[in-house]
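Peer 1: fold the following for me, if possible:
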Amino acid sequence: MAGVVMAAMLLTTFLTGCSSNGTEQSDGSNGTDNGNTKEAAAMGRYLEEDVVLPEGITDIQALCEMEDGSLRLAGMGENYTGGVWETKDQGKKWDKVFDYPEELKGNEMKYLTSVALSPKGGAAAITTDYSKVDMQSGQGAVETGYWTMDDSGKAVPLPVALGNSSGGGQSTNISNQEPVSEGQEEGGADKLDIQMSSREMEEADNTEVQTGAESAGESVGESAGQSTGQISQMEIPQYLNSWKYAPDNNLVGMGMDGKIHIIDSANGAVLRSIENSDAYFTNTGFVGNTLAAYAGSGVFYYDMTTGSALEKDEVLNEQLGTNNENGGISFGGGNSAVLLQGGKEDNILYYCNKDGIFRHVLGGNVSEQLIDGSLNSMADPSVTLSNLSAMKDGAFFLAYWKDMSSHLVRYTYSEDTPSVPEKEVKIYSLNENAEVRQAIALYQKQNPDIRVNYEVGLTGDDGVTVSDAIRTLNTNIMAGKGPDLFVLDGMSIESYQNKGLLADMSEIIKKVSGQDGFLENITKPYEMDGKIYAIPTRFMVPGIQSDKKNLDGIKDLKTLADTLQGLKQENADKDILGSKQPEDLVKRLYDTSASEWIKEDGTLKEDALKEFFTQLKKIYDLDKKEQTDSYNSITMNISGLSHMSGIADNSMSYLAGTTMANIGNINSINDLMQVVAVNEKLKDSGYKTLDGQASKVFVPGTMIGISSKAANKESAEKLASYMLSKDAQTVSQGGGFPVNKAAFDQIFTAEAGNSVPGIAISTVSENGVDLSLELKWPTEEQAAEFKALAEGLTTPANTDSIIREAVNGAADSCLNGTTSIDEAVKAVMQKVNLYLSE
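Peer 2: Below you'll find the model as predicted:
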């Protein structure tokens, strides 16, 4: 239960500040050299430039263009200090307007939740105080304070009182309200009594909360542990978590329950409240007297004067649906936010998401793309967009969160720059790869003259199979339309190498190695007669976590099965691994065995495959198959939301005692921190690398190879070199550890032994025992232990998706008892042999 209240607040702190499917690109789309003809380049493009923040500021809370054309920024630094700054020269020089007053200064239990800046001067703020909440029981009062400030920084309480309303779906409801005094405390604070029992939580619907850790050494987009926060069906407290100034200088606030409240900034009166049962609002913008409110289901327009709903803009929402397929709700993390900002014209709305900055005429039939996000920071998957300011002179300022701090960039139009980069490099991967997206975003920022065109074979939207995608890729290669750079994860490296489709990369690797070094145990297996045709940029470590006495006897797949079988005999009432589906168990055990099934000619060893299915069946039968949830957990991190994979998936079940062992890949520093934290909590628990039918296995990740038929070989070599560099590899999306030695060493030395800001994991077992964890960077001793294990791995896992797909398909029926082991082996052999014959 610990941490539930704070997690709820973090989840509802939204974006704040000042006020082809109908898309056109304003900066052209031609002028590139396609290898056959060279067209005249169209000129004119917005260029991105980093803006240095005021000294000491690490968190931008609001941006606002003032009436005189200057830009103001509200921000915070260390020790909860901050204030408001102003620049009159596009960010070259910042002048402090005022420091935050004492009433707004925070501490470990009090937060400055939101700041809004007025174009007329002054500001408004929301504070949230948890000092009266018992974080173990989750009981107590959360106090929310509302304040206004003038340009001297003097804070005046604003008596906003929203009252409480029961939750549940309601139809669109517009209400005019007078200020009320119930529940109101001196200082403009709403006092909220929070009481949630573990039984209430257990019976409630699940809400997944996932987090990522970002450090000075490695920016990690993958989270430290999956968590399920279960929120009871209690009365929903009404308070604001963010707000901004409207053009009439009133405040528009986002409520805890997703409602919008229009508030008189002079006296705190709630003038109007807007509720829409079809939308949970997360951001607003203003176009004249029209309020544009964004939710995952689209943008809704409301009349600011009456609060009445206006006609929905189908063109805009169709475009947002195309550009923001994940729904667009950003709970402080992930690059899925949509920012709205009115233009200087009465009918113009600017919006910004990962795809760029767009200009839309309200009710018009087109959205014009002004800035292509793929060429700038917006496409970076580790970026969380937070504030947009569209300036009257045509420039844009964009604030975003990355690497545990805020960044500010300015976009200005350059008439002398080609609208589209004149050089292009094409990169292909079978599956969407966040590490590739990350590298492309960083590379594009450093190389604005090169456009990286990223193609993904399997989108999941069109029914295309692995075989279909590979067949299409091969056809395009033979037609001269293939990629310049391959990401070979899930593909047969040997097949492409034997067909002469991969170029030698040894000179590139030699150059990078001379600068930073490589983990040679990871790169050496890919050398062939002094040449290297493919190389992983990252790697993962298969691991097992259990009582130390259990680990000693595990040497291979058979001894693993025997050990787990012995554990079941001693613990008949418990799950061993908690594998509820065949695919889940295959995912855990495939990597450490698959390389032993392959003959030199690429065909499969029938006996080895049969042994795998035999042991797989033995392990699968140990666990009961009904789904049980024996604990509740909340993982909190201000940096973001992300899905997880690997050993961290099941570490909390293991900690709660509902499973006896935990198997999975250690994919990142986050995963390692969680494994170590659980072991410290359980005392007798340990971990080691896992051997299966193969030994000393590592799982290669983001494997790259340059096409021997590349149309843009030089650009492909530059991109490949960058992906292997220290700069690229110290930033991670959780897809593996760096192979670059300098980057690998750095991620362990950045914050050794220190707690990770913002990350805590709280688990409550069935009997109410609190099993909270605080994640810490590995100590020097812990880092040395893991590095020794990682540097002892020498066998690459086989990652061919065709084989994996065949094993998954056969395992489903075999483990569930509808087919025999022999039949499963035969099915895999037939499918793979058919694939090899094509």
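Peer 1: now stretch 517-524: mean pLDDT?
Peer 2: The predicted model assigns stretch 517-524 a mean pLDDT of 95.
Peer 1: kindly report the same for stretch 338-350.
Peer 2: 89.
Peer 1: which residues sit against it?
Peer 2: The contact list for stretch 338-350 (CB atoms under 8 Å, 6 or more residues apart in numbering) reads 15, 19, 247, 283-288, 292, 294, 299, 316, 320, 324, 328, 351-353, 357-363, 370, 385-390, 392, 396, 398. C-betas here are computed from N, CA, C, even on glycine.
Peer 1: ok, of those, which come out buried?
Peer 2: For those, a burial check counting by 16 or more other CB atoms under 10 Å picks out 15, 19, 283-287, 292, 294, 299, 316, 320, 324, 328, 351-353, 357-362, 370, 385-390, 396, 398.
Peer 1: those in strands, which ones?
Peer 2: Applying DSSP state E to those, the entries found in strands are 283-287, 292, 294, 299, 351-353, 357-361, 370, 385-390, 396, 398.
Peer 1: how many neighbours does Thr58 have?
Peer 2: Thr58 has 16 neighbours, counted by other CB atoms under 10 Å.
Peer 1: any idea how far it lies from Lys776?
Peer 2: Thr58 sits at a distance of 21 Å from Lys776 (criterion: CB to CB, to the nearest Å).
Peer 1: same deal with Trp401?
Peer 2: Counting by CB to CB, the gap from Trp401 to Lys776 is 23 Å.
Peer 1: show me where pLDDT drops low in this structure?
Peer 2: By pLDDT under 70, the weakly predicted segments of the chain are 1-41, 135-138, 163-237, 322-336, 625-645, 750-771, 838.
Peer 1: the biggest helix by length in it packs against which elements?
Peer 2: When the chain is parsed with DSSP state H, its longest helix is helix 821-837. In terms of contact count using 3 or more CB pairs under 8 Å, 6 or more residues apart in numbering; DSSP states H and E, helix 821-837 is assigned the packing partners helix 606-620, helix 801-815.
Peer 1: quick one: which of those is nearest Phe737?
Peer 2: Nearest of the helices and strands packed on helix 821-837 to Phe737, taken as CB to CB: helix 801-815 at 21.6 Å.
Peer 1: remind me what that closest one packs against, helices and strands.
Peer 2: Contacts defined by 3+ CB pairs under 8 Å, 6+ apart place helix 801-815 against helix 466-478, helix 582-589, helix 606-620, helix 821-837.
Peer 1: can you spell out which helices and strands pack onto the shortest one?
Peer 2: Packing contacts for helix 582-589, counted by 3+ CB pairs under 8 Å, 6+ apart, involve helix 606-620, strand 662-666, helix 801-815.
Peer 1: one more: the first one?
Peer 2: Helix 466-478 makes packing contacts with strand 423-431, strand 450-458, helix 801-815 when contacts are defined by 3+ CB pairs under 8 Å, 6+ apart.
Peer 1: could I get those as a markdown table with distance to Ser374 and mean neighbour count?
Peer 2: A markdown table is the format used below for the helices and strands packed on helix 466-478 (distance: least, CB to CB, whole Å; neighbours: other CB atoms under 10 Å):
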| stretch | distance to Ser374 | mean neighbour count |
| --- | --- | --- |
| strand 423-431 | 12 | 21 |
| strand 450-458 | 8 | 18 |
| helix 801-815 | 26 | 21 |
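Peer 1: nearest approach to Glu583 belongs to which of those?
Peer 2: Closest of those to Glu583 is helix 801-815, at 5.4 Å (criterion: CB to CB).
Peer 1: need the contact partners of that closest one.
Peer 2: Applying CB under 8 Å, 6+ apart, the external contacts of helix 801-815 come out as 430, 465-467, 470, 490-492, 582-583, 585-586, 590, 594, 597, 604, 612-613, 616-617, 620-621, 819-821, 823-825, 827-828, 831-832, 835.
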